[in-house]
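Peer 1: With the sequence up front, the predicted model follows.
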Amino acid sequence: MSLEFMTIAMFATLVIAITFGHPLAYTLAGVATLFGLIDNGGSIPMLFDMFANNAWGLMNNYTLVAIPLFILMAQLLDRSKVSDALFEALYVVLGGLKGGLGLAVVVVCTVFAATTGIIGASVVAMGLLATPALIKKGYQKELASGIICASGTLGILIPPSIMMVVYGGLTGMKETSVGNLFAGAIFPGLMLASLYFIYILIRCNINPQLGPPISKEEASTYSSTQKWAMTLKSLVPPLGLILAVMGTILAGVATPTEAAGLGSGGAMLLAFFNKKLSWQVLKEASYATLKTTSMVMLLFIGGKFFSTVFLSMGGGDVVADLLIGSGMNRWAILGIMMAIVFLMGMFIDWAAILLVTVPIFMPIAMEIGFDPLWFSLLMCVNLQTSFLTPPFGYALFYFKGVAPEGYTMMHIYKGILPFVALQIISLALLCLFPSIVTWLPGVFFGS
Amino acid sequence: FAGKREKFGEDPRHKTAKRVSFKPSDKKIRWKMVMPWSKGLLFYDIAVHFTDSVRLASAGRLDIKPFSAGELVPAMQSFDAVSKGSAQVGHDWPGYWKGKNEAFVAFGDVPFGLDPEGYNVWLYEQGGIELLQELYGKFNLYALPGGQTGQDMGLFSNKKATKMEDFKGLRIRTPGWYMDIMNSLGASVSPLPGGEVYLALERGVIDAAEFSAPAINYPMGFDDITKYAIQPGVHQPGGQCNLFFNMDAWNKLPEDLKYIVKICAKETQLWSLTWINNLNSKAMEKFKEKVEIVQMEKETLIQFRKTTQAYLETLKEKYPDVKKVLESQEKFKQEYSVWRKAKSGVAPWPYETYISGEISQ
Amino acid sequence: MLENVSEKLTALNRKEGEIASFLIYPLLFIVVYEVVMRYVFNAPTIWGFEATTFLYGLHFMFGFAYTDVYDGHVKVDIFTSLLSTKKQIFMRIFTNIIFFLPVMICMTIWAFKFAITSTMGLEVNSTSWAPPIWPLKILMAVCFLFLLLQGISNLINDINAFGKK
Ligand code: NA
Ligand code: NA
């Protein structure tokens, strides 16, 4: 059997196998085993010694220590209810505008995205916190779902983010170190948040029925001084956490992994000051952290087995020859790689996509002369859509789980489409203005 | 009246070489090679040079496909992978296998230990290679020297340190034996994981760090983010790499290919030394533009050497294998010192340097 | 009888996961301790990074089976969810037998072989601190065994449910 055939067969088998509904990690490992046996002449020992080596290597990957720590931080933060105060303040500050409550959601999510490394918690929290208010003011269901799902997902793009921790741990290159990725993601993340903001503002000004402002009386319960005081006060805890995480990295106090620990410690302190820290909370946070961590890490193992066998067969060379050898323009090659990631994002979870595609695409991107950091951030922005694109989008499911009666999956699917379009626009902007990514890491790390 | 003298020395291989009857194999063999190197490191090129040499010399009969770190197995699992046969060949810097047997470090580098000339003579002529193969053999591996990167760059540092007291409290990142030595000299040594070093150095989490020979170090960009390079790199006067083969795979290899592998390994040892050292001098020129290159004082060096020796003595006491290897190296150093002294560092210095008396050996 | 076994295995994995989940707190403590020692006292430890990494490794390894108890490993069930309950159970049994069992049986065996090699050599880490790592390798194998047992427990459950339909 030719190498080209094997390469295509391996991917095709994976695609078919995924539809069986078995956990992705086991499916990846299963497909890897089948093709690994073919590659190793049927030798089970050769293959599983290699797998055991890879599993052990993962247990020793210091960069990835940030994953459980960021997850714990999000769990503690969620239970300390710090986002409530900020939303309440912005409710009266921005509520008077057309689409103002939606804008408040975007701002709260952006601020909290800078304190938490995962999504899920933020979609659920905002779903519970903001949806009743949005319903009460008569927001269109599609728009309301879109706003909450899309903004809640900013947490994975605006640093800190476990997606970048996984990325950095996977490539192990200086250019794409976790610190560089964090710095590089700040502007793309803020740009995306701004696009959401502008979109909601324009759309609700054209058609105020979609997102009506709160009543004059409600908006004027507080004087503007009071409003600002409320806002500033509610910004203190999240800013403290941003300082604990990003601040300590940039000031040279801690490595990115350690910063995750400091953030977790900070979240614990916040929960303590909000009188939410109890044995019960610590126990629940601990159980929830383990579930999410192990889910990601088992995917890491399955993905690692898959990419290892794929590369061992020579599949990486096949894909590279196919793309680079085609003589296509390098932007066309980039477009194909991005389209593959986007399409995979409709069906598969971000971590699985990252783990399968990065070892293959990263060398290709570098060979055709793209900046590794810039390319990595393009991948990350693209991967953020995987949370949102139907049919399989985590954020959509999280939101459905907490959305009130009357919100169907169809409302959510329709509502999210404009926001996915905004993400594609931001990918185009990153291609036109690469310095959005590269400028800040250059300033901080001189690279 | 002196007696008639024999020729002084002989090539032991010649006896078998002239009697070998060649039945060249026509079997095509494909092997996989793993290593702790990512593609950006010159070590990777050394490993690949060996695979190219073998393919060229064997007319493609032995085709070794190199896999960089993490492609087949994580960097530090290369040893286990070859030992168990998931891959047939590995390339390494043996200090990474310290946890399997402390003596591996002595084959990679020893602070104030052998330089490239020393490693070459000791390995090939003084029984070093037999000790090497004995050690790897315990792990179902056959080993050959396969890469010499020369002396390491010293510490890149944001604090100038040339005297003993400067090193007290200096926050350094360095692994292995040198870490213990620096600790006992009063530095604050942190074994920061490799991927974290650049950011830690640049943000001031640590003051100083070292990594490998100048040319290998250059792409790391340490010179962009530090003020000084503290010379010399006493922790590694000669970085020695090895090739190691799964014993079963090696035993099954046809005789003619075994010769090809052995010769190519030696060719790689020579090529890497010349290639890297030529690049080293160019890298030093570039470093000079960015950092101030400072020399440790003679008194400091002597103190370092004393501390190192005391540390090595404790290791020898603790690990019999370390004792065996280090004593063999020390015996060589002792014997060779007569010749080293006699040579007096004549040749390599430019004329002006020599006549100004700035010669250091 | 088999149902009983399945329940016992699930209970075991729930318990080991709950206990292991608390590793996150010592992990957090060491990370913060290391930063404070290095930054405030200029006295970094030689063991901080390694101890951190070991705790992290054990934490997630012990969580594999635990997460499976709660059906927490992400899957793409948008297609299978369209099938009848009986067909869904059949698919679960089928995928368990072709994907999960062969891989995890081999994984458990070779993880133990990996651990035995290390244990015979009383392997320590290749660092200055040089702690023994063979116990960790044994625990890695034990964690794969837990996961295998959970898969067997799931299989028993599904076969029972299939029979009752
Ligand atoms: Na974030
Ligand atoms: Na999706």
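Peer 2: Good, I have the coordinates. Ligands and ions are numbered 1, 2, ... in the order given.
Peer 1: So for the lengthiest helix in chain C, mean pLDDT?
Peer 2: As assigned by DSSP state H, the longest helix anywhere in chain C is helix C:134-164. Averaged across helix C:134-164, pLDDT comes to 96.
Peer 1: any bit of that helix sitting next to chain A?
Peer 2: Yes. Using C-beta under 8 Å from any C-beta of the partner chain, helix C:134-164 reaches chain A at C:136, C:137, C:140, C:144. Heads up, the C-betas are built off the backbone N, CA and C, glycines and all.
Peer 1: which SS class is residue B:63?
Peer 2: The local conformation at residue B:63, judged by DSSP: H, G, I helix; E, B strand; the rest coil, is strand.
Peer 1: go on, residue B:91?
Peer 2: Under three-state DSSP, residue B:91 comes out as strand.
Peer 1: give me the beta-bridge partners of it?
Peer 2: With beta bridges defined as DSSP bridges, residue B:91 has these partners: residue B:243.
Peer 1: Contact partners for it?
Peer 2: B:33, B:35, B:37, B:43, B:46-47, B:50, B:78, B:146-147, B:241-244 (C-beta atoms under 8 Å, 6 or more residues apart in numbering or on different chains).
Peer 1: Name the residues of the strand or helix carrying residue A:236 that are buried.
Peer 2: According to DSSP states H and E, residue A:236 maps onto helix A:224-242. Neighbour counts over helix A:224-242 (16 or more other C-beta atoms under 10 Å in any protein chain shown) mark A:227, A:230, A:231, A:234, A:235, A:237, A:238, A:240, A:241, A:242 as buried.
Peer 1: quick one: the last one and chain B, what's the gap?
Peer 2: Counting by C-beta to the nearest C-beta, to the nearest Å, the gap from residue A:242 to chain B is 17 Å.
Peer 1: In this structure that residue contacts residue A:113, no?
Peer 2: No. Residue A:242 lies out of contact with residue A:113 (C-beta atoms under 8 Å); the separation is 10.0 Å.
Peer 1: thinking again about what came up before, dump the buried residues of helix A:224-242 into TSV; add pLDDT as well.
Peer 2: Below are these laid out as TSV (pLDDT from 0 to 100):
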residue	pLDDT
A:227	80
A:230	81
A:231	82
A:234	81
A:235	83
A:237	84
A:238	82
A:240	86
A:241	84
A:242	84
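Peer 1: Switch these over to a markdown table; also include distance to ligand 1.
Peer 2: Putting the buried residues of helix A:224-242 into a markdown table (distance: C-beta to the ion, whole Å) gives the following:
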| residue | distance to ligand 1 |
| --- | --- |
| A:227 | 27 |
| A:230 | 24 |
| A:231 | 21 |
| A:234 | 19 |
| A:235 | 16 |
| A:237 | 16 |
| A:238 | 11 |
| A:240 | 15 |
| A:241 | 11 |
| A:242 | 10 |
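Peer 1: Could you grab the helix/strand/coil label for residue B:241?
Peer 2: strand.
Peer 1: Could you pull up the residues touching it?
Peer 2: By C-beta under 8 Å, 6+ apart, residue B:241 lies in contact with B:43, B:46, B:91-94, B:108, B:145-149, B:272.
Peer 1: how many neighbours does the residue of chain B found nearest ligand 2 have?
Peer 2: Here chain B gets closest to ligand 2 at one residue, residue B:70, 27.3 Å apart by C-beta to the ion. By other C-beta atoms under 10 Å in any protein chain shown, the residues close to residue B:70 number 24.
Peer 1: any idea which helix or strand carries it?
Peer 2: Applying DSSP H and E, one finds residue B:70 in no helix or strand.
Peer 1: thinking it is in contact with residue B:38, fair?
Peer 2: Yes. Applying C-beta under 8 Å as the test, residue B:70 and residue B:38 come out as touching, 7.5 Å apart.
Peer 1: if we look at stretch C:90-98, which residues are touching it?
Peer 2: Around stretch C:90-98, the neighbours that count as contacts under C-beta under 8 Å, 6+ apart are A:20-22, A:26-27, A:30, C:80, C:83, C:151, C:154-155, C:158-159, C:162.
Peer 1: Could you do stretch B:130-147 as well?
Peer 2: B:43, B:46-47, B:50, B:79, B:82-84, B:90-91, B:100-101, B:103-104, B:107, B:119, B:123-124, B:129, B:240-248, B:250, B:261-262, B:265-266, B:268-269, B:272, B:321, B:324-325, B:328.
Peer 1: Filter the contacts of residue B:241 down to just the ones in helices.
Peer 2: Members of those lying in helices (criterion: DSSP H): B:43, B:46, B:108, B:272.
Peer 1: Now do the helices in chain C.
Peer 2: C:2-21, C:24-39, C:48-69, C:85-95, C:101-120, C:134-164.
Peer 1: Please name every helix or strand in contact with the first one.
Peer 2: Counting contacts by 3 or more C-beta pairs under 8 Å, 6 or more residues apart in numbering or on different chains; DSSP states H and E, helix C:2-21 is packed against helix A:279-313, helix C:48-69, helix C:134-164.
Peer 1: what about the second one and chain A, touching?
Peer 2: Okay, so that is helix C:48-69. Yes. On the criterion C-beta under 8 Å from any C-beta, helix C:48-69 is in touch with chain A at C:49, C:52-54, C:56-64, C:66-68.
Peer 1: Narrow those to just the buried residues.
Peer 2: With neighbours counted using 16+ other C-beta under 10 Å, the residues of helix C:48-69 next to chain A contain these buried positions: C:49, C:52-54, C:56-64, C:66-68.
Peer 1: Quickly note the distance from residue A:171 to residue A:63.
Peer 2: From residue A:171 over to residue A:63 the distance is 10 Å, taken as C-beta to C-beta, to the nearest Å.
Peer 1: shaky segments in the chain?
Peer 2: Using chain A here. Along chain A, segments meeting pLDDT under 70 span A:1, A:120-121, A:172, A:444-447.
Peer 1: think we crossed wires, I meant chain B
Peer 2: In chain B, residues with pLDDT under 70: B:1-2, B:193-195, B:359-361.
Peer 1: same thing but at 80, please
Peer 2: Low-confidence segments of chain B (pLDDT under 80): B:1-4, B:22-24, B:39-40, B:175-176, B:190-200, B:202-205, B:219-220, B:344-348, B:357-361.
Peer 1: Spell out which residues of it are next to chain A.
Peer 2: Applying C-beta under 8 Å from any C-beta, one finds that chain B approaches chain A through B:32, B:38-40, B:65, B:67, B:69-77, B:80-81, B:84-87, B:192-193, B:195-196, B:198-200, B:202-205, B:219-221, B:224-225.
Peer 1: and the helix or strand where residue A:33 lies, does that touch chain C?
Peer 2: Following DSSP H and E, one finds residue A:33 within helix A:24-39. Yes. Contact of helix A:24-39 with chain C (C-beta under 8 Å from any C-beta) involves A:24, A:25, A:26, A:27, A:29, A:30, A:33.
Peer 1: any chance of these in a markdown table, with distance to residue A:375 and neighbour count too?
Peer 2: Listed next are those as a markdown table, based on distance: C-beta to C-beta, whole Å; neighbours: other C-beta atoms under 10 Å in any protein chain shown:
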| residue | distance to residue A:375 | neighbour count |
| --- | --- | --- |
| A:24 | 25 | 24 |
| A:25 | 26 | 32 |
| A:26 | 30 | 25 |
| A:27 | 28 | 28 |
| A:29 | 28 | 27 |
| A:30 | 30 | 26 |
| A:33 | 31 | 22 |
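Peer 1: rewinding a little: quick one: buried ones out of the contacts of residue B:91?
Peer 2: B:33, B:35, B:37, B:43, B:46-47, B:50, B:78, B:146-147, B:241-244.
Peer 1: residues touching the closest residue in space to residue A:197 that isn't next to it in sequence, list them.
Peer 2: Residue nearest to residue A:197 in three dimensions, not counting chain neighbours: residue A:106, with 5.1 Å by C-beta to C-beta, 6 or more residues apart in numbering or on different chains. Residues near residue A:106 by C-beta under 8 Å, 6+ apart: A:147, A:151, A:193, A:196, A:197, A:200.
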